[in-house]
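Engineer: got a predicted model here, sequence first, then my questions.
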Amino acid sequence: MNVSGRKRVVITGASSGIGAATAEAFAADGARLVLAARDAEALEQIATVCRRSGAEVLTAPVDVTDAADVAELAIQARRWLGEIDVWFSNVGIGVVGKFHEVPISAHRRVIDANLMGHLNDAHAVLPIFLEQQRGIFVNMISVGGFIPAPWAASYTASKFGLRGMAQALRGEVAAYPHIHICDVYPTFVDTPAIRHAGNYTGGETSVPPGVLNPRTVAKAVVRLADRPRNTTAVGAPATTMKLAQFLAPELSARLIDRFLASYFARAQPAPHSPGNLFHSPADDGQVDGGFRRPRQRRIAAVAAGAVTAGAIVAGVLLARRRR
């Protein structure tokens, strides 16, 4: 039992974006933190910010694709924290491009980090939760766990896989009322991730209008530490995303494919690059990606809702035509 009332939290992928924002949010809430990512220097930048809030912070350079390293992280975190209340599995990378034009090594790396990395996290901490008889595993997925993303096939595969993994694990821990597997599904978020992604499109990447502030997602994660729930959508209702996937998965994929083909045909040229797939980016340690514009900051939910609602309407119309 945590008699001090201070949450004890492990965050993987804590060196930038949502992970960094969540570290800062938990720090402001008085938590004790273990922060993990590949880039030791960037982790220390985030840890310094958290310590200014009075938080105790331990940093651990770890590549979550290495199962032995993640297992050692869990041992180290438990030893330092005493117990683990929350493990936020947050690592996520991506590569953009037509499937057959992206090197298979890049696809494999995305699966290794986004899917196997989260499996490694869960495999390391679940035995600790079972021994404690409690604990919260927060699984960062994305809207890509419901809506397929052409030009990002391996990313889609990893996110659909994470959703299935979480559902399976919830079945396994159903007999333990104080162990929770919580999924988080944000829409597009203003983090450095899109700049850091592998890019084999031939054009510069960007994000659609209305991207979320990463601190909004961080607040949702922090709330789960007190009020865990299976599914949390940020930026669009989870029910809408599920309906879009159920009613019109192929149609939404075709529409997205056409949009991306048109976009990259007009985008500023950019060389092919593996981005941060195999190495930490030089500008790691940042929360924001710099894509938000003042007029866009309040329309993320509207934009995301319109896309998914449109897919639902189209799916219903197609279903009626087929009768």
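Structural biologist: Sure thing, it's come through.
Engineer: where are the low-confidence patches of the chain?
Structural biologist: Judged by pLDDT under 70, the chain has its weakly predicted residues at 1-4, 237-239, 241-242, 245, 293-323.
Engineer: next helix or strand past whichever strand or helix holds residue 70?
Structural biologist: Under DSSP states H and E, the secondary-structure element containing residue 70 is helix 67-81. Next in sequence after helix 67-81, counting helices and strands by DSSP H and E, comes strand 86-89.
Engineer: how close does residue 181 get to residue 77?
Structural biologist: From residue 181 across to residue 77, the span is 18 Å (CB to CB, to the nearest Å). C-beta coordinates here come from the backbone N, C-alpha and C atoms, glycine included.
Engineer: follow-up on the earlier one: can you list the buried residues in the helix holding residue 70?
Structural biologist: Buried residues in helix 67-81, counted by 16 or more other CB atoms under 10 Å: 69-70, 73-74, 76-78, 81.
Engineer: nearest to residue 185 among these?
Structural biologist: Nearest to residue 185 out of the buried residues of helix 67-81 is residue 70 (CB to CB; 23.3 Å).
Engineer: can you map out the helices along the protein?
Structural biologist: Counting by DSSP state H, one finds helices in the chain at the ranges 17-28, 40-52, 67-81, 104-111, 117-132, 153-172, 193-196, 214-226, 238-247, 249-266, 300-322.
Engineer: out of the ones you listed, which one sits most buried?
Structural biologist: Greatest average neighbour count among the helices of the chain goes to helix 17-28 (a mean of 26), per mean count of other CB atoms under 10 Å.
Engineer: please save the CA atoms from that helix in CSV.
Structural biologist: The C-alpha trace of helix 17-28 is given here as CSV (Å, rounded to 0.1, in the frame of the first residue of the first chain):
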residue,chain,number,x,y,z
GLY,A,17,5.9,14.3,-27.1
ILE,A,18,3.2,12.6,-25.1
GLY,A,19,5.6,10.8,-22.9
ALA,A,20,7.4,13.9,-21.8
ALA,A,21,4.1,15.8,-21.3
THR,A,22,2.8,13.0,-19.2
ALA,A,23,6.0,13.0,-17.1
GLU,A,24,5.6,16.7,-16.4
ALA,A,25,1.9,16.2,-15.6
PHE,A,26,2.6,13.4,-13.1
ALA,A,27,5.4,15.4,-11.6
ALA,A,28,3.1,18.4,-11.0
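Engineer: for it, the distance to its chain's centre please.
Structural biologist: 13 Å (CA atoms, centre = their mean, to the nearest Å).
Engineer: what angle separates it from helix 40-52?
Structural biologist: 30 degrees (axes from the mean of the first three to the mean of the last three CA atoms, to 10 degrees).
Engineer: which residues touch residue 160?
Structural biologist: Counting by CB atoms under 8 Å, 6 or more residues apart in numbering, residue 160 makes contact with 144-145, 148.
Engineer: pull out the buried residues from stretch 270-281.
Structural biologist: Within stretch 270-281, the residues scored as buried using 16+ other CB under 10 Å are 274-277, 280-281.
Engineer: wait, residue 126 touches residue 137, no?
Structural biologist: Yes - here residue 126 reaches residue 137: they are 7.3 Å apart, a contact under CB atoms under 8 Å.
Engineer: that's all I had, so thanks and see you.
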